[in-house]
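K.L.:
the following block contains a protein sequence and its predicted model.
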Amino acid sequence: MASLAIAEVNKLDSEEFIEVFGNVVENCKLAAAAVWSHKPFQDVDHLNQTIADFLDALPQKGKEGVLRCHPDLAGRLAQAGQLTTESTQEQKSAGLDQLTQDELSTLTDLNQQYKVKFGFPFVICARLNKKAAILNGLTERLKHGAEEETLAGVEEVKKICRLRIADIVTSEAKL
Ligand SMILES: NC(=O)N[C@H]1NC(=O)NC1=O
């Protein structure tokens, strides 16, 4: 539900901006707090790019920390109904609330192997993937090296972020 024009975004003070954009990177208000100082944003692409630049500029440990702010797909918080509103919708859109017992135990097992190997959770943009693509992606990405996988995870965070921002900011048609 897009409701804010970029001109209105540019008028938000830092507190309001963090309130509105504090979860575009899951559980990471710091990202919103950091990019606020780059306003005015010319358009929604500029806002997206500023967040992407912030994520890219983080050192390896910072990127890992951002990934660690994400809940497991169909994990403990999902089972307990304790995900953020955004994550709840996203996981639902991928069909992760409709897994069979077998699929759930496969996903739980792969998530666990992934965390043991890399030290952070598997992150993928659930709105752009259905459950089969998520299970395949997880199996494939388990074969990666740590640095490669940190970068893959951050690219997924950017996709999640772009879609969340599209729900908040109207994108003006370019004439
Ligand atoms: N672990 C993980 O990928 N979580 C996320 N993915 C997504 O689209 N929303 C999330 O919370």
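P.N.:
That came in fine, so what should we check first?
K.L.:
can you show me the CA trace of stretch 71-78 as PDB?
P.N.:
What follows is stretch 71-78, C-alpha atoms only, in PDB (Å, rounded to 0.1, in the frame of the first residue of the first chain):
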ATOM      1  CA  PRO A  71      14.300 -14.600  11.400                       C
ATOM      2  CA  ASP A  72      14.600 -18.200  10.100                       C
ATOM      3  CA  LEU A  73      12.100 -19.000   7.300                       C
ATOM      4  CA  ALA A  74       9.300 -21.100   8.900                       C
ATOM      5  CA  GLY A  75      11.500 -21.100  12.100                       C
ATOM      6  CA  ARG A  76      10.800 -20.700  15.800                       C
ATOM      7  CA  LEU A  77       9.400 -17.200  15.600                       C
ATOM      8  CA  ALA A  78       7.200 -18.100  12.600                       C
END
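K.L.:
show me what the top helix by length along the chain is packed up against.
P.N.:
When the chain is parsed with DSSP state H, its longest helix is helix 146-168. Applying 3 or more Cβ pairs under 8 Å, 6 or more residues apart in numbering; DSSP states H and E, one finds that helix 146-168 contacts helix 14-21, helix 44-57, helix 60-68, helix 101-118. C-beta: built from backbone N, CA, C; applies to glycine.
K.L.:
for the third one, buried residues please.
P.N.:
Burial within helix 60-68, assessed by neighbour count using 16 or more other Cβ atoms under 10 Å, is assigned to K63, E64, V66, L67.
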